[in-house]
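*Asks:* Need coordinates for the following:
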Amino acid sequence: MTNDGMIDLLVSRLLRDHGKSKHHWRKAIGPIRLYSRDTHPHCNWNATPAGSTGDVALIESLLDDLRLTHPLLTSS
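*Replies:* Numbers count the residues shown, from 1 in each chain. Alright, predicted model coming up:
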């Protein structure tokens with residue numbers, strides 16, 4: 001999966017489960033940062049969500065779940 005694909009997946013799940021708008025969630029998620037697989041062999045990506053405390057908690061929880069099923073991403 002690519003980092004853009006991960007953002008799309010995050011947005012679609014958040015939109016489905018919590019409403020609001022695509023723009024709202026994309027802005028709250030922010031960019032996905034990729035790291036070298038040499039230094040991060042088990043999970044090479046991270047996001048730093050911003051926004052309300054509730055939104056950040058929802059995003060962080062979903063990020064934790066998706067790291068288990070998609071630990072390694074490629075650049076888009």
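*Asks:* What are the buried residues along stretch 56-65?
*Replies:* Leu58, Ile59, Leu62, Leu63 (16 or more other Cβ atoms under 10 Å). For glycine as for every other residue, the C-beta is placed from the backbone atoms N, C-alpha and C.
*Asks:* OK, contacts around Asp4?
*Replies:* Ser76 (Cβ atoms under 8 Å, 6 or more residues apart in numbering).
*Asks:* Let's see the pLDDT reported for it.
*Replies:* You'll see Asp4 listed with a pLDDT of 96.
*Asks:* Quickly find the element holding it.
*Replies:* helix 3-18 (DSSP states H and E).
*Asks:* Please pull up the helix or strand immediately following that helix.
*Replies:* Next along the chain after helix 3-18, taking DSSP H and E as the criterion, comes helix 22-29.
*Asks:* After that next one, which helix or strand is next?
*Replies:* Next element after helix 22-29 (DSSP H and E): strand 32-34.
*Asks:* re the thing from before, secondary structure, pLDDT and distance to Arg16 added to the buried residues of stretch 56-65, as JSON lines?
*Replies:* Listed next are the buried residues of stretch 56-65 as JSON lines, based on DSSP: H, G, I helix; E, B strand; the rest coil; pLDDT from 0 to 100; distance: Cβ to Cβ, whole Å:
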{"residue": "Leu58", "secondary structure": "helix", "pLDDT": "98", "distance to Arg16": "12"}
{"residue": "Ile59", "secondary structure": "helix", "pLDDT": "98", "distance to Arg16": "14"}
{"residue": "Leu62", "secondary structure": "helix", "pLDDT": "98", "distance to Arg16": "11"}
{"residue": "Leu63", "secondary structure": "helix", "pLDDT": "98", "distance to Arg16": "16"}
